[in-house]
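A.B. asks: 3D, please:
(one chain, ligands or ions: 1)
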Amino acid sequence: MIDIQGLQLQLGPRRLLDIATLRIGAQERVALVGPNGAGKSTLLRVLAGQAPAPWQGRVELLGQALAPTQLLRERARLAVVPQGAPLVGRLSARDNVLTGALARCGAWGAWGFYPASIEAEADAWLDRLALRRHAHTRADKLSGGERQRVAIARAALQRPLLLLADEATAQLDPRAAEQACAWLQQAAGSGALVTVLHQLELLPLVATRVIGLRDGRIVLDAAVDDSPALQQALRALYRAAPADDATAAADAPHNFHPLLTPSTP
Ligand SMILES: Nc1ncnc2c1ncn2[C@@H]1O[C@H](COP(=O)(O)OP(=O)(O)OP(=O)(O)O)[C@@H](O)[C@H]1O
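C.D. replies: Numbering: from 1, shown residues only. So this is what the prediction gives:
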């Protein structure tokens, strides 16, 4: 599903990513965690074909080796719930959700005509995410949390092989955030889910594997469980001071002692 070897992304003097190896299998549920500026979103952006700068290394996604300027052939099956959940503001919540199915509908979808089965699917998602009463509200009139939920439903309509979610629970109240973890898993279906997460208490609800980044490097790769070892590793991940300038980042040892590196597929 995802196979990364020697990924390096440099922006000016700053190294944003330095990932020796990372493999994520089909159907995996993975959370990316780490302090602010660790590179979590940048990694998702590389996978989504939106890297902020050219990168070096080998990135294979859904069976295709990517180049920094090349888009994935199977883009329709790659769903992204971006940070802040940008939507098409002039479209209703329902129409935004329906755009997730565009690739399945061909030209008719582009004209706003969707098969009844797809409209029913969109409505079911609007119901599930408690959005039915907002179905015909313009997206730019929705609250942040409502937009977030619309973005999850839109991703579900893509029937993704891979769903990338960047802090999809960030704008949700505690109960909705817990529910969103289940929604994300449902939206990913039989595909893989990689989600950036800051609320560590939600980890068991959304992931079976946690990957910790710091200064663009993977320093933690562990199964999600309630072991004291994982709790300790997570605390250490956030306690560690980030490199606060380019020199410090460049001087840091390349493979410093990982916090935890248990089994991965
Ligand atoms: N387009 C850009 N131009 C300059 N710097 C960038 C750009 N994109 C990311 N960065 C820098 O790269 C580093 C990693 O950013 P990234 O957004 O990936 O971190 P993150 O782990 O997702 O952080 P957060 O938890 O705060 O969202 C940050 O220091 C950020 O300032």
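
A.B. asks: check whether the helix or strand where residue 41 lies contacts the ligand.
C.D. replies: Element membership for residue 41, per DSSP states H and E: helix 40-47. Yes. Counting by CB under 6 Å from any ligand atom, contacts between helix 40-47 and the ligand involve 40-42. Using the backbone N, CA and C atoms, a C-beta is placed for each residue, glycine as well.

A.B. asks: which stretches in the stretch 151-265 of the chain count as strands?
C.D. replies: Counting by DSSP state E, counting those that start in this stretch, one finds strands in the stretch 151-265 of the chain at the ranges 162-166, 192-196, 209-214, 217-223.

A.B. asks: report the contact partners of the residue in the stretch 51-200 of the chain positioned nearest to the ligand.
C.D. replies: Scanning the stretch 51-200 of the chain for proximity to the ligand using CB to the nearest ligand atom identifies residue 52 as nearest, at 3.4 Å. Residues counted as contacts of residue 52 (CB atoms under 8 Å, 6 or more residues apart in numbering) are 9, 11, 16, 42, 45.

A.B. asks: for it, helix, strand, or coil?
C.D. replies: Secondary structure, DSSP: H, G, I helix; E, B strand; the rest coil: residue 52 is coil.

A.B. asks: for it, give me phi and psi.
C.D. replies: phi -70, psi -10 (degrees, to the nearest 10).

A.B. asks: now render the strands of the stretch 151-265 of the chain as CSV, adding mean pLDDT, mean neighbour count and distance to the ligand.
C.D. replies: Formatted as CSV, the strands of the stretch 151-265 of the chain follow (pLDDT from 0 to 100; neighbours: other CB atoms under 10 Å; distance: least, CB to the nearest ligand atom, whole Å):
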stretch, mean pLDDT, mean neighbour count, distance to the ligand
strand 162-166, 95, 26, 7
strand 192-196, 97, 25, 6
strand 209-214, 97, 24, 6
strand 217-223, 97, 21, 12
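
A.B. asks: CA atoms only: put stretch 29-44 into CSV for me.
C.D. replies: C-alpha atoms of stretch 29-44 as CSV (Å, rounded to 0.1, in the frame of the first residue of the first chain):
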residue,chain,number,x,y,z
ARG,A,29,-5.0,1.6,10.7
VAL,A,30,-2.1,3.9,11.4
ALA,A,31,-1.9,7.0,13.5
LEU,A,32,0.9,9.6,13.0
VAL,A,33,1.8,11.4,16.2
GLY,A,34,4.5,13.8,17.3
PRO,A,35,5.1,17.3,18.4
ASN,A,36,4.2,20.4,16.4
GLY,A,37,6.4,20.7,13.4
ALA,A,38,7.5,17.1,13.5
GLY,A,39,6.6,16.6,9.8
LYS,A,40,3.4,14.6,10.1
SER,A,41,1.4,16.8,7.7
THR,A,42,4.4,17.0,5.3
LEU,A,43,4.5,13.2,5.1
LEU,A,44,0.8,13.1,4.3
